[in-house]
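Participant: got a sequence here, can you model it:
(chains A, B, C and D)
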There are 4 protein chains.
Amino acid sequence: MIKVGIIGAGRIGHVHGESISKFVKHAEVKTVADPFMNEKTEAWAKSLGIQKTTKDYHEILNDPEIEAVLICASTDQHSPLSIEALKAGKHVFCEKPIDHDVEKIKEVLAAVKESGKKYQVGFNRRFDHNFRAVREAVASGKVGRQQIIKITSRDPEPPSIDYVKVSGGIFLDMTIHDFDMVRYLSGAEVEEVYAEGSVTVDPEIGKAGDIDTAVITLKLDNGATAVIDNCRAACYGYDQRAEVFGSQGCVAITNDSDSNAVFSGKDGVVAEKPMFFFLERYMMAYAKEVDEFIEAIVNDTETPVTAKDGLEPVLIGLAAKKSVEEHRPVKIDEIRKVYGL
Amino acid sequence: MIKVGIIGAGRIGHVHGESISKFVKHAEVKTVADPFMNEKTEAWAKSLGIQKTTKDYHEILNDPEIEAVLICASTDQHSPLSIEALKAGKHVFCEKPIDHDVEKIKEVLAAVKESGKKYQVGFNRRFDHNFRAVREAVASGKVGRQQIIKITSRDPEPPSIDYVKVSGGIFLDMTIHDFDMVRYLSGAEVEEVYAEGSVTVDPEIGKAGDIDTAVITLKLDNGATAVIDNCRAACYGYDQRAEVFGSQGCVAITNDSDSNAVFSGKDGVVAEKPMFFFLERYMMAYAKEVDEFIEAIVNDTETPVTAKDGLEPVLIGLAAKKSVEEHRPVKIDEIRKVYGL
Amino acid sequence: MIKVGIIGAGRIGHVHGESISKFVKHAEVKTVADPFMNEKTEAWAKSLGIQKTTKDYHEILNDPEIEAVLICASTDQHSPLSIEALKAGKHVFCEKPIDHDVEKIKEVLAAVKESGKKYQVGFNRRFDHNFRAVREAVASGKVGRQQIIKITSRDPEPPSIDYVKVSGGIFLDMTIHDFDMVRYLSGAEVEEVYAEGSVTVDPEIGKAGDIDTAVITLKLDNGATAVIDNCRAACYGYDQRAEVFGSQGCVAITNDSDSNAVFSGKDGVVAEKPMFFFLERYMMAYAKEVDEFIEAIVNDTETPVTAKDGLEPVLIGLAAKKSVEEHRPVKIDEIRKVYGL
Amino acid sequence: MIKVGIIGAGRIGHVHGESISKFVKHAEVKTVADPFMNEKTEAWAKSLGIQKTTKDYHEILNDPEIEAVLICASTDQHSPLSIEALKAGKHVFCEKPIDHDVEKIKEVLAAVKESGKKYQVGFNRRFDHNFRAVREAVASGKVGRQQIIKITSRDPEPPSIDYVKVSGGIFLDMTIHDFDMVRYLSGAEVEEVYAEGSVTVDPEIGKAGDIDTAVITLKLDNGATAVIDNCRAACYGYDQRAEVFGSQGCVAITNDSDSNAVFSGKDGVVAEKPMFFFLERYMMAYAKEVDEFIEAIVNDTETPVTAKDGLEPVLIGLAAKKSVEEHRPVKIDEIRKVYGL
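Facilitator: Numbers count the residues shown, from 1 in each chain, chains lettered A, B, ... in the order given. Sure thing, here's the model as predicted:
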């Protein structure tokens, strides 16, 4: 039984706290730390059997019983907390992205290497039953030589403009999951990006310097081409689909709904909308990612999403940003060179 | 090129006239006869290149150029016209049912035998692409030993009460197609019927001595059990589904729509309703059944739906009627004995 | 927090133990009793944080801290344990069926009434997301006046012949869930049953005096007709579908699979098989049924599946059995009269 | 009744000949011309009731009875024959593309204008029931403001290398249909293209100077972004899908199959593959496009696919070609300027 500390008791901290207590066999949360710790959060922690709550995350880092730390703080804290936790001898599960700043990610990579501890980034979709089924079809060779990969990823509703302003932009905030998916599903690396961006949802997003709609084409080093389409709003819910097409066939996944009930009536044959958003859609994936993290600790194996897996999508995101700004295809190597990678 | 005469220029006569001119390679309609022949029908015939229209069907029977006759008159005329046409040396395609009266069907069977001419009954669904795909899966052995056969057959709207009164009852008018489907899909004979009937659509149908909703269980001589559910009204359109379940798997078909477009919006994920009714749904099957009839003439092979295939569903229908009246399972042999079959 | 004892640590006892610890908010399992308690079960209980294991279920009944008991013993123990637990002042959740013997069920009903305690029967499918969506469509009036209800329920593989011999027969063992579904989905009572049974899976099941394939027609007191088809084996997995057809439309559910991935290749467009069997398919329903049981205790409301709900399907099952034996439709009132109900 | 001449009796000439005789109400084919006219073609024409066959297309152009000409010759003959036919006072239906050379298309446009005759280009997919359903959803405002348009278009197998060499390249030969679809579905014009091309199917296609796989991103003048993915080979058949996503919802179409039969067996739940290729998939669309062409003549209305609709996709195709060559986004206006448009 691995004792775990959670730093950050916001929405995603709650998700992990609950899913660990329900679904993660070899872990228990001992302590939750949050600078804004309040009675409500304390009561929640208590209801899950979590022993301790604190405003000071050092109580987690200094607790020799705690072997693993989940970093669920705000994005700007991900890299410093990662490094501090690794230096304190903890295994680290860090929410995505590690950072928007590649230099800081490099520091985390160095710290991981130095510490010899496990490090996992929270790309939850890799643990979803549907995406995993696609990956398995590809990895088993069933699809043959990969030719075209398509990912549709549309949110049900845009975040607040305040959030947009600090989000790092759509590519680092939203598409980053899809960049990870391209790497995960293909098992290949991205070489070049061309991104088209537009503002079709809310002009305020444009005023905040971001885009809300994008189509991104990626050249992979296995010869395949990937294309992602994103939108910050889809009135029918969270649209999460993917397909990999290759010489032996095409594997595709579509959305999940709360039930598969279909109503045939005067107005047509009506199925349910997709599950509303990521908390509904990926609840079990959040549990599974931590479960596999804990198993990697228990069995001393590599984590399923490494620190490098945290770095690459950021590089792709920066290339996509540059592509929109300069209106041209951008090689990932251009970005790598900037950072001496 | 087989020259064809059509007796009866009502709705189904029009269907056959048009589909022969479009789709039936080796036939052309020479003459259309209808006691109520009028200008509109004459113009329609002309537009299809049909040479002759007449009020007197004897002009068809006496025309030595005409080799085959399609009987599209009202049900009470099916058997006498069949016999007359056969005696006139014509091959006969007769709309379903041959008759509601088994004695008259027996006379037709005798006339068929004596004449040595081709005879086909208009069970159009046997020629539908979906039902045929099920039959092929069963016949090829893909489904294995048959265990359960299910047929759903619901009309979009009930016929007029006047029609109900002369229809012969739901089992001989509507379910007769499904009885034929059970025989076609299974390749087996029905041994016993149990029918539940109710009036859930329109009390006037009940007052007319009929039912509008039925669930019929049938025991087949191959050990399988079939179940048909019928309703005279389905607000979403013509509901025509089937499945055959066996030891090696289950083959199922569902409805066809005008397009496969799906709209995801605020109110759900909406597909189109099934095609409205039999003319829309089975248009190509109407063409194909006559095409195969003509091919049977040209190649001198057995017609795909024989006179016996016209008799059996009537026997099953009469057994179903008796089952509802006497509220008990009824063996087909009980009905056969009554008619000395 | 309601403290719970589980009597019977077989497969279903394990399911409830695990799902309570994971998903049931206001309950914790304090004690598990099983006459064959062994080290493995003790270790399992420990891993879930269950305090106590014992061979003697009286340690549960005599424990004043334990408010609710889950009876997961063999079927013949359901009714005596129910009565003993109720008399000991416990709320009781009892696996289905309460008993095969109506007299014993009557005793349980009397004990429930006398005790004033909560009593729930384990008809888990009522808590499944798909079946519940159908129920909601019906209850909301969306389907309109009910006309035809269809339930397909096929197991992936038959139980052992030893089990078949003590199962009470297919109607009380397997179809009982479907009888409950007809009542649940319709909100109506069954008035009459006609059942066709056959042996198409394994002749040994026939030799054991049972059937393995059945089609059952039921007349409901709301004027609708229901039809259930059952088979003890389906090579493609657990087939669990339902539809309710009414004057305003038709709501239908189909199977769930591990993922919605579809592979298009040379051999067709291939989706995954249905989930293998009830443990996979209804895992969340097992959790939800106990959760709602506990909530009924906490809020002092009626349980969602009452003792009467445990009785009715047994009466329908006995009527179905009689229907096969006497080859005729059987009214439920016939069975009621036998037992003075 | 419009009398029609067909110039070119290859595969597509046959398609039109047959579909006119079956489905096009107000037209009949009087003459078929082909320089390689042979006995087989003559017999085929006769079987359709076509009066005349000839090696010399002038017999069509000089026949005052013939009002409309279908140009089904090889691509290099499309523009000269169009001009000659227009000058001869005929309405012209011309197979796509009008030409690969924009100058020649300009001459055709001028000839159309001068002649005042009807001119239609054979973009058959606009007449397909599925694509039309998408267009109607968009045009009716159901989708709201358009944001993302996606088209998947994959052939079952590549053409011969000899064909590839004279095809004008994938963009003018294959993608041209998809460029037309983007214009048709959106009702908007394309402003800019970025195309990624690769050779993943057959290196010989690369050696012939072409690509066989492409992902093309298009900016539309309504603010939406479109993305097309193409491949010259898909082992599961002709893959023809589309979706339009907008502020009010998303409308999507998928492939058609010969039947909707689904087989559930040990290996999964298997549906049929898509229809094999364009002749199977778009048979009815070929009929409908000519029917609407004839109706435009009869009613003196604009043809549903004008000469301009024939020009625009060629410009987009040339921009796409340039985009691959120069590895950058290319504005359509760049191409327009080259040709003084």
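
Participant: can you tell me what sits against the strand or helix carrying residue A:293?
Facilitator: Residue A:293 belongs to helix A:283-298 when assigned by DSSP states H and E. With contact meaning CB atoms under 8 Å, 6 or more residues apart in numbering or on different chains, helix A:283-298 is reached by A:2, A:4, A:15-16, A:19-20, A:22-27, A:67-68, A:70, A:91, A:93, A:118, A:120, A:122-129, A:301-305. (Glycine included, C-beta is placed from N, CA and C.)

Participant: which residue is the nearest non-sequential neighbour of the residue nearest to the spatial centre of chain A?
Facilitator: Chain A has residue A:123 as the residue nearest its centroid, 3.0 Å off, counting by CA atoms, centre = their mean. Nearest residue to residue A:123 in three dimensions, chain neighbours excluded: residue A:180, at 4.5 Å (CB to CB, 6 or more residues apart in numbering or on different chains).

Participant: what about that neighbour, which helix or strand?
Facilitator: helix A:175-186.

Participant: ditto for residue A:164
Facilitator: helix A:161-166.

Participant: interface residues of chain A facing chain D?
Facilitator: A:144-145, A:147-148, A:150, A:152, A:154, A:194, A:196, A:198, A:200-201, A:213-215, A:217, A:219, A:223-225, A:227, A:229, A:231, A:233-236, A:239, A:245, A:247-250, A:327-329 (CB under 8 Å from any CB of the partner chain).

Participant: are any of those buried, and which?
Facilitator: Neighbour-count burial (16 or more other CB atoms under 10 Å in any protein chain shown) applied to the residues of chain A next to chain D gives A:144, A:147-148, A:150, A:152, A:154, A:194, A:196, A:198, A:200-201, A:213-215, A:217, A:219, A:224-225, A:227, A:229, A:231, A:233-236, A:239, A:245, A:248-250, A:329.

Participant: give me the subset of these lying in strands.
Facilitator: A:147-148, A:150, A:152, A:154, A:194, A:196, A:198, A:213-215, A:217, A:219, A:225, A:227, A:229, A:231, A:239, A:245, A:249-250 (DSSP state E).

Participant: quick one: residue A:243 is in a strand?
Facilitator: Yes: judged by DSSP: H, G, I helix; E, B strand; the rest coil, residue A:243 forms part of a strand.

Participant: that one and residue D:253, how far apart?
Facilitator: Residue A:243 is 15 Å from residue D:253, where distance means CB to CB, to the nearest Å.

Participant: likewise residue A:104?
Facilitator: For residue A:104 relative to residue D:253 (CB to CB), the value is 46 Å.

Participant: those two: which is more packed in?
Facilitator: Ranked by neighbour count (other CB atoms under 10 Å in any protein chain shown), residue A:104 and residue D:253 place residue D:253 first, with 23 against 18.

Participant: quick check: that one touching residue D:134?
Facilitator: Yes: contact criterion CB atoms under 8 Å: residue D:253 and residue D:134 qualify, at 5.7 Å.

Participant: what do these two both touch?
Facilitator: In contact with both residue D:253 and residue D:134: B:261, D:242, D:243, using CB under 8 Å, 6+ apart.

Participant: can you narrow the residues you listed down to the ones near chain A?
Facilitator: Near chain A, by the rule CB under 8 Å from any CB, you find none of these.

Participant: just curious, which of these is nearest to chain A?
Facilitator: residue D:243 (8.7 Å; CB to the nearest CB).

Participant: let's see the longest helix along chain A as CSV, backbone CA atoms only.
Facilitator: With secondary structure taken from DSSP state H, chain A has its longest helix at helix A:307-326. The C-alpha trace of helix A:307-326 is given here as CSV (Å, rounded to 0.1, in the frame of the first residue of the first chain):
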residue,chain,number,x,y,z
ALA,A,307,8.4,13.3,-18.4
LYS,A,308,9.5,13.2,-22.1
ASP,A,309,5.8,12.5,-22.9
GLY,A,310,5.2,15.7,-21.0
LEU,A,311,7.7,17.7,-23.0
GLU,A,312,6.9,16.7,-26.5
PRO,A,313,3.3,18.0,-26.7
VAL,A,314,4.5,21.3,-25.4
LEU,A,315,7.1,21.5,-28.2
ILE,A,316,4.3,20.6,-30.7
GLY,A,317,2.1,23.2,-29.2
LEU,A,318,4.8,25.9,-29.5
ALA,A,319,5.3,24.9,-33.1
ALA,A,320,1.5,25.1,-33.7
LYS,A,321,1.5,28.6,-32.2
LYS,A,322,4.4,29.7,-34.4
SER,A,323,2.6,28.2,-37.4
VAL,A,324,-0.5,30.3,-36.9
GLU,A,325,1.6,33.4,-36.2
GLU,A,326,3.8,33.0,-39.2
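
Participant: give me the angle between the helix or strand in which residue A:114 is found and helix A:307-326.
Facilitator: In this structure, residue A:114 sits in helix A:102-115 according to DSSP H and E. In terms of direction (axes from the mean of the first three to the mean of the last three CA atoms, to 10 degrees), helix A:102-115 departs from helix A:307-326 by 170 degrees.

Participant: and helix A:102-115, what does it pack onto?
Facilitator: Here helix A:102-115 touches helix A:75-87, helix A:307-326, going by 3 or more CB pairs under 8 Å, 6 or more residues apart in numbering or on different chains; DSSP states H and E.

Participant: can you tell me which residues contact whichever residue of the stretch 101-250 of chain A sits closest to chain B?
Facilitator: Residue nearest to chain B within the stretch 101-250 of chain A (CB to the nearest CB): residue A:236, separated by 4.0 Å. Listed by CB under 8 Å, 6+ apart, the contact set of residue A:236 reads A:156, A:273, A:274, B:264, B:265, B:266, B:268, B:269, D:249, D:250.

Participant: that one and residue A:157, how far apart?
Facilitator: Counting by CB to CB, the gap from residue A:236 to residue A:157 is 11 Å.

Participant: relative to strand A:239-246, how tilted is the helix holding residue A:180?
Facilitator: Going by the same axes, to 10 degrees, helix A:175-186 makes 30 degrees with strand A:239-246.

Participant: alpha carbons of helix A:175-186, as PDB, please.
Facilitator: The C-alpha coordinates for helix A:175-186 follow below in PDB (Å, rounded to 0.1, in the frame of the first residue of the first chain):
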ATOM      1  CA  THR A 175      -4.900  20.700 -28.100                       C
ATOM      2  CA  ILE A 176      -2.000  19.500 -25.900                       C
ATOM      3  CA  HIS A 177      -4.200  16.400 -25.100                       C
ATOM      4  CA  ASP A 178      -4.700  15.800 -28.800                       C
ATOM      5  CA  PHE A 179      -1.000  16.200 -29.600                       C
ATOM      6  CA  ASP A 180      -0.400  13.600 -26.900                       C
ATOM      7  CA  MET A 181      -3.100  11.400 -28.500                       C
ATOM      8  CA  VAL A 182      -1.400  11.600 -31.900                       C
ATOM      9  CA  ARG A 183       1.900  10.400 -30.300                       C
ATOM     10  CA  TYR A 184       0.100   7.700 -28.200                       C
ATOM     11  CA  LEU A 185      -2.100   6.300 -30.900                       C
ATOM     12  CA  SER A 186       0.700   6.300 -33.600                       C
END
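
Participant: give me the mean pLDDT for it.
Facilitator: Helix A:175-186 shows a mean pLDDT of 98.

Participant: can you check stretch A:287-301 too?
Facilitator: Stretch A:287-301 comes out at a mean pLDDT of 97.

Participant: quick check: buried residues in that stretch?
Facilitator: In stretch A:287-301, counting by 16+ other CB under 10 Å, buried: A:287, A:288, A:289, A:290, A:291, A:292, A:293, A:294, A:295, A:296, A:297.

Participant: mind checking how far it is from the chain centre?
Facilitator: 17 Å (CA atoms, centre = their mean, to the nearest Å).

Participant: residues in contact with residue A:255?
Facilitator: Going by CB under 8 Å, 6+ apart, residue A:255 touches A:237, A:238, A:239, A:240, A:241, A:274, A:275, A:281, C:260.
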